[in-house]
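> using only what follows, build the 3D model:
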Amino acid sequence: MRQLSGSTRRGAGFDTNLAHWRGVLDGLHAEEASLRAGGGEKAAARQTSQGKMLVRERLRALLDPGTPFLELGVWAGWGMYEAWGGAPSAGCVMGIGIVCGRRCVVVANDATVKAGAWFPITCKKILRAQEIALENRLPVVYLVDSAGVFLPLQEEIFPDKEHFGRVFYNNARLSAAGIYQIAAIMGPCVAGGAYLPIMSDEALIVEGTGSIFLAGPALVRAAIGEQIDAEQLGGAEVMADVAMVVDDRFPDDGSCLAAVRNRVGQLAIPRLVPFDRIEPAEPAVDLTQIMGVMPTDRTRPYDTYALLAHLLDRSEFDEYKATSGRTLVCGTGRIDGWALGMVANQRAVVVRKRGLDPKEREMQIGGVIYADAADKGARFVELCNQKGIPLLFLQDVTGFMVGSRAEREGIIKDGAKMVNVVANSAVPKITVVIGNSYGAGNYAMAGKAYGPRFIFAWPSACIAVMGGEQAAQTLLQLQVGKRAVSEEEKQALLDEIRACYEATEDPRYAAARLWVDGILDPRCTREAVSGCIEACAHQGELPPFRWGVLQT
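Okay, here's the model as predicted:
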C-alpha cells in the first residue's frame, strides 16, 4: 500500500488553478440554485395558494431528516426549449434518498414548471430514474403532479421506443421484478400519464388537488359532449370510493406523504451485496484543495496520483502493474471505507522503456491509451470482477494511440480487449469525467454507452468525439475544399466552427442531455461515490462475469 500524500507538492500553477476553479464552481452553484427554484416565485405562489406543497417541501416531508439526498439530473433541460420559456431541471426532481431507513429512487414533478408537463428531456429523466431502480433493485416513490405531455413537442416524446410509453413498460417490469413502487397523486394526472401511478404497486391521492383521468373535462366535452368538472370526473372521492382506481385518499399533502413513509417503512430489509467496507477515514491531504491540481488548460499535464491522494481514505493506494502501461493508473483504495478499483488516465508525460537498451526509450503522450495500457486496464477490470470490487473510472482521455508503431503493437486488438471487458463487467462501474473524454477513449473508460451505474462530470470535463481545435481544422478543410479563400476568410470560418464546437463541449451541455447524471463539485466526489456504492449494493447479488471472444 502506497502513501500518496508526497505526490501533492504544489506546482507553480496550483494557486492559479485553485482560484480559477473556485470561481467556476461559484458560478455553477448559483446556476443550480436558479434551476432548483423551478418556475420561479410567481408560479410557486400560485401552487401554494391551491393548498399544495412545493416539490422540495414535499421531498423534505418524505425523506428522513438529516439524511443525504443524491439529486441527479439537476441540469436536465439546461439551455433547451427556450422558445417555450425553458424547462428548468426538466420540470421534475429525481434522485436517491432515505425514506424510513430504506434507500429509494424518488421522482417528483415540479408543477411550477409548465404545470409539470413532460418535455422530451423529462421523459428521458424519468426513464433514467427507472433504469437506476431496476439495475440496483431500489424501491421507487413517484410524487405525481403533472399536466401530461407538452403538446407542442408531442412527436418527440410519444411514439418511439425510449419515449413516453416506455415509462409504463418499465412500471410493469419493475413490478414483475419484485421492485416496489408507490405513487402519490398530488395534482392532475392526465391521459397516458395516468398509467404511471396506477401501474405502481400502490397509489394514494390527495383530496381537492389530486385528480386522475384518461381524458380531461375539455376533451370529454369535445369527444362525447358530456359537461363535467375535474373533481366529478376523476377527483379523489371518485377514484378511491367509486372507481376504486387508487388505494386510499388523504386530506392534504402532508398526510399523504406520511402514509407513503409508513408504507415504505414496512418493506422487508433488503439483502445487500457484501462489498467490503471498513471504518472510513479522511484523505491525508486537504480535499478542499483538489482543484488546484487541475490545470485551467485541458491540454496541460498534471499528476493523477495527486488527485487520488485527495480522494482516497488516508491517501493510500495499492497500485497494479505500476511500472508498465503507465498512461493508465490502476489499483485499489478506499473511499469512505468502501474498497474500490481505480482506473484513471495519467496526464503527466511518462517514459516507457523498450527492452533493456537505454537507447530504446519512447516518450508517451499523457491521456492517451497505448496498447500496453489497454492490456493492463483489461486485466485489472477482470481482476476486480474476480474479487467482487466495484470500479471507479476517472476519465481524462484523448483516445487510443494511432500511427504505424501503435498499429504494429496491436492497439486495435488490445483496445478491443479493454472495451469488451469493460462492457461485460459484472461489478458496478461508476464514472467521473474529470477532463477530456474523446472518441473511443470515452468508451474504454466506461462512458455512458458502456453502462456505468452512475456517471458524473467535473466542471473541468469536456466530452466530444475529438478536441475542438482538431475538429475545427478538420471541418474547415471539408468546408473550404479546393476553392480559393483568403487567410482572413479562413480564420473567420475557423473561429466560427471552433466556437460552435466548443459550446457543445461544456459539461452543462452534456448534463442538460443526461449524458451525465450531474456536474459534481470535486470536493463532493467522495460523498457522491459512497452514496452510489451504497445504492449499488441493493441489487442483492452480482451476476457471473462473462465476456466474449478476445483477440490475444
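
> from here on, contacts and neighbour counts on C-alpha atoms
OK.

> other residues contacting the longest helix anywhere in the chain?
Longest helix in the chain, counting residues (DSSP state H): helix 14-36. Helix 14-36 is contacted from outside by 74-75, 88-89, 289-296, 459, 521, using Cα atoms under 8 Å, 6 or more residues apart in numbering.

> from those, which is closest to residue 442?
Ranked by distance to residue 442 (Cα to Cα), these are led by residue 459 at 16.9 Å.

> neighbours of the closest one, just the number please.
Residues lying near residue 459 (other Cα atoms under 10 Å) number 21.

> quick one on the thing from earlier: and the longest helix of the chain, C-alpha only, in CSV?
Extracted as CSV, the C-alpha positions of helix 14-36 are listed here (Å, rounded to 0.1, in the frame of the first residue of the first chain):
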residue,chain,number,x,y,z
PHE,A,14,-1.6,25.4,-8.1
ASP,A,15,-2.9,28.6,-6.6
THR,A,16,-3.9,29.9,-10.0
ASN,A,17,-5.8,26.7,-10.8
LEU,A,18,-7.5,26.7,-7.4
ALA,A,19,-8.7,30.3,-7.8
HIS,A,20,-10.0,29.7,-11.3
TRP,A,21,-12.0,26.6,-10.5
ARG,A,22,-13.4,28.1,-7.3
GLY,A,23,-14.7,30.9,-9.4
VAL,A,24,-16.2,28.4,-11.9
LEU,A,25,-17.8,26.4,-9.1
ASP,A,26,-19.3,29.6,-7.6
GLY,A,27,-21.0,30.3,-10.9
LEU,A,28,-22.3,26.7,-11.3
HIS,A,29,-23.7,26.7,-7.8
ALA,A,30,-25.6,30.0,-8.5
GLU,A,31,-27.0,28.5,-11.7
GLU,A,32,-28.0,25.3,-9.9
ALA,A,33,-29.9,27.4,-7.3
SER,A,34,-31.8,29.0,-10.1
LEU,A,35,-32.6,25.6,-11.6
ARG,A,36,-33.8,24.3,-8.3
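
> may I see the buried residues of it?
Across helix 14-36, burial judged by 16 or more other Cα atoms under 10 Å covers 14, 16, 17, 18, 20, 21, 25, 28, 32, 35, 36.

> any idea how far residue 325 is from residue 374?
Separation of residue 325 from residue 374 (Cα to Cα, to the nearest Å): 8 Å.

> between those two, which is the more surrounded one?
residue 374 (25 against 21).

> so what's that one up against?
Residue 374 makes contact with 325, 328, 411, 414, 415, 417, 418, according to Cα under 8 Å, 6+ apart.

> so what's it scoring on pLDDT?
pLDDT, residue 374: 94.

> just the element for it, please.
In the assignment (DSSP states H and E), residue 374 maps to helix 371-387.

> what residues sit buried inside that helix?
Buried-residue list, helix 371-387, by 16+ other Cα under 10 Å: 371-382, 384-385.

> also stretch 401-418?
401, 410, 411, 412, 413, 414, 415, 416, 417, 418.

> what's the farthest-apart pair in these?
Largest pairwise distance in these, by Cα to Cα, is 14.9 Å, between 401 and 417.

> three-state assignment of residue 329?
With DSSP: H, G, I helix; E, B strand; the rest coil as the basis, residue 329 sits in strand.

> that one and residue 346 touch, don't they?
Yes. In terms of Cα atoms under 8 Å, residue 329 counts as a neighbour of residue 346; the distance is 6.2 Å.

> what do those two both touch?
With Cα under 8 Å, 6+ apart, residue 329 and residue 346 have common neighbours residue 304.

> returning to what we had before: closest to residue 269 out of the buried residues of stretch 401-418?
Of all the buried residues of stretch 401-418, residue 269 sits closest to residue 418, with 37.0 Å by Cα to Cα.

> compute the first-to-last residue distance for stretch 424-433.
End-to-end for stretch 424-433, by Cα to Cα: 20 Å.

> contacts for that stretch next, please.
Under Cα under 8 Å, 6+ apart, the answer for stretch 424-433 is 381-382, 384-385, 388-396, 445-447, 451-458, 461-462, 529, 532-533, 536, 542-547.

> with stretch 306-316 instead?
Stretch 306-316 is contacted from outside by 1-5, 7-8, 280-287, 289-290, 293, 317, 333-337, 525-526, using Cα under 8 Å, 6+ apart.

> with pLDDT, secondary structure and distance to residue 311 added, can I get the contacts of helix 14-36 in CSV?
What follows is the contacts of helix 14-36, written out as CSV (pLDDT from 0 to 100; DSSP: H, G, I helix; E, B strand; the rest coil; distance: Cα to Cα, whole Å):
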residue, pLDDT, secondary structure, distance to residue 311
74, 98, coil, 24
75, 98, coil, 25
88, 97, helix, 31
89, 97, helix, 29
289, 94, helix, 11
290, 96, helix, 8
291, 95, helix, 11
292, 95, helix, 13
293, 94, coil, 12
294, 94, coil, 14
295, 94, coil, 17
296, 93, coil, 20
459, 97, coil, 17
521, 97, coil, 13
